[in-house]
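Participant: My questions concern the predicted model and sequence given below.
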Amino acid sequence: MGIIRELSRSVIEKIAAGEVVERPASVVKELIENSIDAGARMIVVDLADGGKKRIAVIDDGCGMTSDDLAMCVRRHATSKISSEGDLWQVRSMGFRGEALAAIGAVSRMKIESKPNDQGIIEGAVVEIEGGELVKHSVAGSANGTKIVVSDLFYNVPARLKFMRSAAVEYGHIAECAISLALANPHLRFELIDGGKKKIVAAGVFDASDTKGMVARIASLIGDRYAASLAALCEDGAELSLWGFVAGEGRRGGKDIHIFLNGRSVKDRMLIHAVSSALGDGTMRERCPAAVLWLNIDPSAVDINVHPAKREVRFVNSGAVHDFVKAAVRKALSGALQSPCFKPAEACDDPGMAFLQKIVSPQTGEKFFEHTGSSIGAPGDNDSFKKSFSGASGGDFISKPEVVSKHASLPSSVGDVQCEACGVENSLRTIGQLGLAYVLCEDADGSFVIVDQHAAHERLGFEELKKGYGKGDIPGQRLLLPERIELSPRDFGYISENLQLFEAAGFELEPFGGTSIVVKMVPALLSGMELSEIFEKFASELEIFGTANSVDEMIDRIFAVIACHARVRSGDRLGTEELCSLVKDVERLGVTHCPHGRPALVRFAPTEIARWFKRD
Ligand SMILES: Nc1ncnc2c1ncn2[C@@H]1O[C@H](COP(=O)(O)OP(=O)(O)OP(=O)(O)O)[C@@H](O)[C@H]1O
Ligand SMILES: [Mg+2]
């Protein structure tokens, strides 16, 4: 007898559901996308316990008949495509006919709906429990659809275990809901958690209502850029761009939101185009904030490779890059001169020039449609290629050996002398190279290069660990407590770990919305820019999860502090500072930074002799 058999329906459904539903935020994403496809103008997301207990999504879209309600929860059942040909021109957010079946398989789900049709006076309701239809009856529903998903993963213990705190799950939900609401300006959108309205964004129907758009953006992503947002509106042969930009966003493109044909994309080429508009090479230093809608002929872009794919492929990416960069640069140069709203009249076609094309795939209703005029020319491919190819960096003479002169780090800062050689400060400092490295000669004639940032990082890290071990990390109380505004997602991770921060020498408190107030920092961080550091903390906490021990988590926090607190490459160090750094490196036997990068490399005299063919 063979060993291969077909899986049971319930196992197949759980596997499929696992791919669609990872956490409460995936449910919210699928339900909001369905409401958008249904032509909703109003969507309310109402959560209990950050979505862990209950997620309700209510819309005023086209609704479903009683027959369709029974169909919509089945696998591969959709109204959005019907033939293979349709696959290549999908305009809706969904098309696989899988989301509701997947959500229903791993929760208790109730769908109430009534078609938005005068002829139908009664609505209907279905209830699904772990994939089984347990109820189907008439109901006195309002027009539109209301879906309530309770006890997500109640029947998948493995997934339930991985759910994080309500604050973290809420953060993920808010991030995805905000992105979908930003993408669709015509939507009135509300996000409620535990009965409290967290986000309320009014819909903007008049495309030339710049003030309304700016207010909407502020209600979704905060008002820090509202005063300096400039409108932009550019039209090319096969593509068009509209939206808002401000000169000072967070580094790394964190405040750049790009919607390509209505979908949020995190495409590196597009983010580079926006970032480089401030001047080439400044991405690391300065970066714009932007909310941009890019519309492009669907045949010139491959976005449907995978429904969740956020990177896309363009037929002519160089032209798209240059077009976006030029448009953003033009808007920013205006904005930098006068930090006020650029009137929408600056567009060619003020009434309908806003380029978002939103057509409900289920109803065919058009919300905004761009009439199109041709200005601006696509750029050449070469400049884009050049800007991406970069210098590959030649090989060094030979592969330097990472020093392991001392077998391991002394376990605490208390070990003053180097056990391996017994000599204090055998390294002689020669000087500084490229504001990043300290060049030294060792007693045996070896050439030693110390990476000043990596070495400082390690020293700071050891200092913090020593303080933590003693239960006393030197702190610096801030004269004025600092308020830091975080993204909902980052806020979730920070507020979930307040005790960890207390142990690491901070004093902080949640402060309304998604901000925190910092009252005390470890002394190493005094005078440092805190918001970026907290963003880094949040991403470390997200990556390393809760499964790790407190000590491991504290180590991650210390590594971030040390990285920001100490001398960075690019700092010129005086002779005394160089010598004291080298002395500490030797004293503690520093070999690597806390992230594992080498802090020191050594070339033996014989190797140097070989470079010069003296051997
Ligand atoms: N809020 C809603 N209003 C009206 N119809 C809806 C709504 N939600 C779902 N539907 C209907 O139910 C069908 C199934 O929804 P489901 O999300 O499972 O699949 P889909 O949206 O077609 O594709 P995908 O799995 O890619 O999301 C949809 O095609 C649509 O016809
Ligand atoms: Mg769907």
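Facilitator: Everything's here; your move. Ligands and ions are numbered 1, 2, ... in the order given.

Participant: By mean pLDDT, which helix or strand of this structure comes out lowest?
Facilitator: helix 381-389 (a mean of 29; mean pLDDT, DSSP states H and E).

Participant: What's opposite residue 449 in the beta bridge?
Facilitator: Note on residue 449: beta-bridge partners by DSSP bridges are residue 439, residue 601.

Participant: what sits against it?
Facilitator: Counting by CB atoms under 8 Å, 6 or more residues apart in numbering, residue 449 touches 400, 433, 437-440, 600-602. All C-beta spots, glycine's among them, are computed from the backbone N, C-alpha and C.

Participant: please redo it, this time with the cut-off set to 6 Å
Facilitator: 437, 439, 601 (CB atoms under 6 Å, 6 or more residues apart in numbering).

Participant: how much space between the second one and ligand 1?
Facilitator: In this structure, residue 439 and ligand 1 are 59 Å apart, going by CB to the nearest ligand atom, to the nearest Å.

Participant: measure that residue to ligand 2 for me?
Facilitator: Shown here: residue 439 relative to ligand 2, a distance of 61 Å by CB to the ion, to the nearest Å.

Participant: Let's verify residue 227: helix, strand, or coil?
Facilitator: helix (DSSP: H, G, I helix; E, B strand; the rest coil).

Participant: Can you find the residue of this structure that comes nearest to ligand 1?
Facilitator: Across the chain, no residue is closer to ligand 1 than residue 94, which sits at 2.5 Å (CB to the nearest ligand atom).

Participant: Can you get me a residue count around residue 523?
Facilitator: 16 (other CB atoms under 10 Å).

Participant: rewinding a little: of the contacts of residue 449, grab the buried ones for PyMOL.
Facilitator: To isolate the buried members of these in PyMOL, using 16 or more other CB atoms under 10 Å:
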select buried, resi 437+439+601
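
Participant: Just send the contacts of residue 449 back as a markdown table, with pLDDT too.
Facilitator: Formatted as a markdown table, these follow (pLDDT from 0 to 100):
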| residue | pLDDT |
| --- | --- |
| 437 | 91 |
| 439 | 92 |
| 601 | 90 |
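
Participant: So residue 486 sits against residue 511, correct?
Facilitator: No - at 10.3 Å, residue 486 and residue 511 do not qualify as touching, with contact defined as CB atoms under 6 Å.

Participant: So which of these two has more stuff around it?
Facilitator: residue 486 (23 against 14).

Participant: Roughly how far does the more buried one sit from residue 314?
Facilitator: 33 Å (CB to CB, to the nearest Å).

Participant: With residue 116 instead?
Facilitator: 37 Å.

Participant: same thing with residue 114?
Facilitator: Residue 114 is 42 Å from residue 314, by CB to CB.

Participant: what's the answer for residue 192, then?
Facilitator: 38 Å.

Participant: Over to residue 32?
Facilitator: 27 Å.

Participant: Between the two, which has more neighbouring residues?
Facilitator: Each of residue 32 and residue 314 has its neighbours counted (other CB under 10 Å); residue 32 has more, 25 against 19.

Participant: Check which helix or strand the residue lying closest to that one once chain neighbours are set aside maps to.
Facilitator: Leaving aside its chain neighbours, residue 32 sits nearest to residue 180 (4.9 Å; criterion: CB to CB, 6 or more residues apart in numbering). Taking DSSP states H and E as the criterion, residue 180 maps to helix 166-183.

Participant: Tell me the pLDDT of residue 276.
Facilitator: You'll see residue 276 listed with a pLDDT of 86.

Participant: residue contacts, it?
Facilitator: Counted by CB under 6 Å, 6+ apart, residue 276 has contacts residue 325.

Participant: ditto for residue 70
Facilitator: residue 136.

Participant: Contact residues of the chain facing ligand 2?
Facilitator: 34, 94, 99 (CB under 5 Å from the ion).

Participant: measure the second one to residue 30 for me?
Facilitator: This means residue 94. 7 Å.

Participant: Compare the two and say which is more crowded by neighbours.
Facilitator: With neighbours defined as other CB under 10 Å, residue 94 and residue 30 compare such that residue 30 has more, 24 against 20.

Participant: Quick check: which ranges of the stretch 501-615 of the chain have low pLDDT?
Facilitator: 545-548, 566-570 (pLDDT under 70).

Participant: mind redoing it with 80?
Facilitator: 526-527, 544-550, 565-573, 595, 615 (pLDDT under 80).

Participant: ditto for the stretch 351-500 of the chain
Facilitator: 351-425.

Participant: What segments of it are helices?
Facilitator: Taking DSSP state H, counting those that start in this stretch as the test, the helices found in the stretch 351-500 of the chain are 381-389, 452-470, 488-496, 498-503.

Participant: what secondary structure does whichever residue of the stretch 1-150 of the chain sits closest to ligand 2 sit in?
Facilitator: Closest to ligand 2 within the stretch 1-150 of the chain is residue 94: 2.9 Å, counting by CB to the ion. Here residue 94 is coil, with the state taken from three-state DSSP.

Participant: Surely it is in contact with residue 33?
Facilitator: Yes - using CB under 6 Å, residue 94 is in contact with residue 33, at 5.5 Å.

Participant: Just the terminal-to-terminal distance for stretch 106-122.
Facilitator: Terminal residues of stretch 106-122 are spaced 29 Å apart (CA to CA, to the nearest Å).

Participant: If you could redo that for stretch 516-530, that was the one I meant.
Facilitator: 11 Å.
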